[in-house]
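> Everything below, folded, please.
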Amino acid sequence: MTTTLLPALLGFLTGLSLIVAIGAQNAFVLRLGIEGRSRVILPVVVICAVSDGVLITLGVLGIGALVAAAPAVMVVIRVVGAGFLIVYGLFAARRALRPTALVTAAAAAPTGLRTAVVTALAFTWLNPHVYLDTILFLGSVANQQGPDERWWWAGGALLASCVWFAGLGFGARLLRPVFARPAAWRVLDALIALVMLALGLRLAFGL
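Below is the predicted model of the structure:
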């Protein structure tokens with residue numbers, strides 16, 4: 001029992017330490033959760049968690065060596081991802097300059113399911129760091145656990161992803177009373193703009 005639970009627990013804690021951070025993906029899920037768009041949140045949470053599961057599995061299978069050996073592909077992902085983040089950051093900055101209350105924001109042109117799905121996929125798969133964090137880092141740590149224990153470790157990391165994104169997406173609605181004021185949206189969107197632009201510029205200049 002200990003030989004399975006301990007690797008799973010270590011995988012859970014390691015995975016959680018990587019994803020609990022202010023980033024583009026988390027900021028997007030947080031905003032959807034606060035807006036209370038229940039029809040959209042579940043698919044986005046599933047996309048984020050399943051994507052992590054696929055990447056972690058590839059890392060455990062040793063695909064990290066192929067990723068490290070394909071710098072040209074990573075450059076393309078970095079450039080496209082940087083452009084996407086910068087554009088999204090500019091939209092967030094514009095919202096910060098023209099904030100609206102939660103009721104108004106929810107009533108005016110809500111994010112459609114298709115748009116939310118495409119955006120979640122872009123935030124996940126156009127971020128070069130996700131390949132470094134999941135395929136290379138988590139994959140290498142998992143493979144240090146032994147042939148059997150590594151899959152328990154990977155399962156713990158995947159569970160961390162599921163718990164985090166579900167909690168972030170569905171728990172964010174508790175903040176809705178705070179975001180009934182336009183000033184709260186201004187602060188949130190300003191922070192999102194700073195995060196997106198900083199990440200985008202960092203990718204663009206290869207920092």
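> Would you mark the buried spots in whichever strand or helix holds V45?
Taking DSSP states H and E as the definition, V45 sits inside helix 38-60. Residues of helix 38-60 classed as buried by neighbour count (16 or more other CB atoms under 10 Å): 40-41, 44-49, 51-53, 55-60. C-beta here means a position set from N, CA and C on the backbone, and glycine is covered the same way.
> Does the residue most central in space within the chain lie in a helix or a strand, and which?
For the chain, the residue nearest the mean C-alpha position is Q25 (3.1 Å; CA atoms, centre = their mean). Q25 belongs to helix 24-35 when assigned by DSSP H and E.
> next structured bit after the helix or strand of the chain with the lowest mean pLDDT?
Lowest by mean pLDDT, DSSP states H and E among the helices and strands of the chain is helix 102-107, with a mean of 40. Counting by DSSP H and E, the next helix or strand C-terminal to helix 102-107 is helix 113-125.
> which is the next helix or strand following that following helix?
Following helix 113-125 toward the C-terminus (DSSP H and E): helix 128-130.
> So I135 versus L55, what's the distance?
5 Å (CB to CB, to the nearest Å).
> ugh, wrong one, I meant F28
Using CB to CB, F28 is found at 18 Å from L55.
> same thing with G146?
G146 sits 21 Å away from L55, taking CB to CB as the criterion.
> L18 now?
Distance, L18 to L55, using CB to CB: 11 Å.
> what's the overlap in contacts for the two?
Counting by CB atoms under 8 Å, 6 or more residues apart in numbering, the residues touching both L18 and L55 are 134, 138.
> give the contact list for Q145.
7, 10, 152-153.
> Which two among those residues are spaced furthest apart?
Farthest pair in the contacts of Q145 (CB to CB) is L10 and W152. Separation: 9.2 Å.
> For the two, indicate the residue with more neighbours.
Set L10 next to W152 and count neighbours by other CB atoms under 10 Å: W152 wins out with 21 against 18.
> how near is the more buried one to G200?
For W152, the distance to G200 - CB to CB - is 37 Å.
> now swap in L121 and tell me
L121 sits 17 Å away from G200, taking CB to CB as the criterion.
> swap in R31?
Taken as CB to CB, the span from R31 to G200 is 17 Å.
> With R173 instead?
For R173 relative to G200 (CB to CB), the value is 28 Å.
> Have a look at the two and say which one is more surrounded.
G200 (21 against 16).
> host element of the more buried one?
helix 182-204.
> Compute the inter-axis angle for that helix and helix 24-35.
Counting by axes from the mean of the first three to the mean of the last three CA atoms, to 10 degrees, helix 182-204 lies at 160 degrees to helix 24-35.
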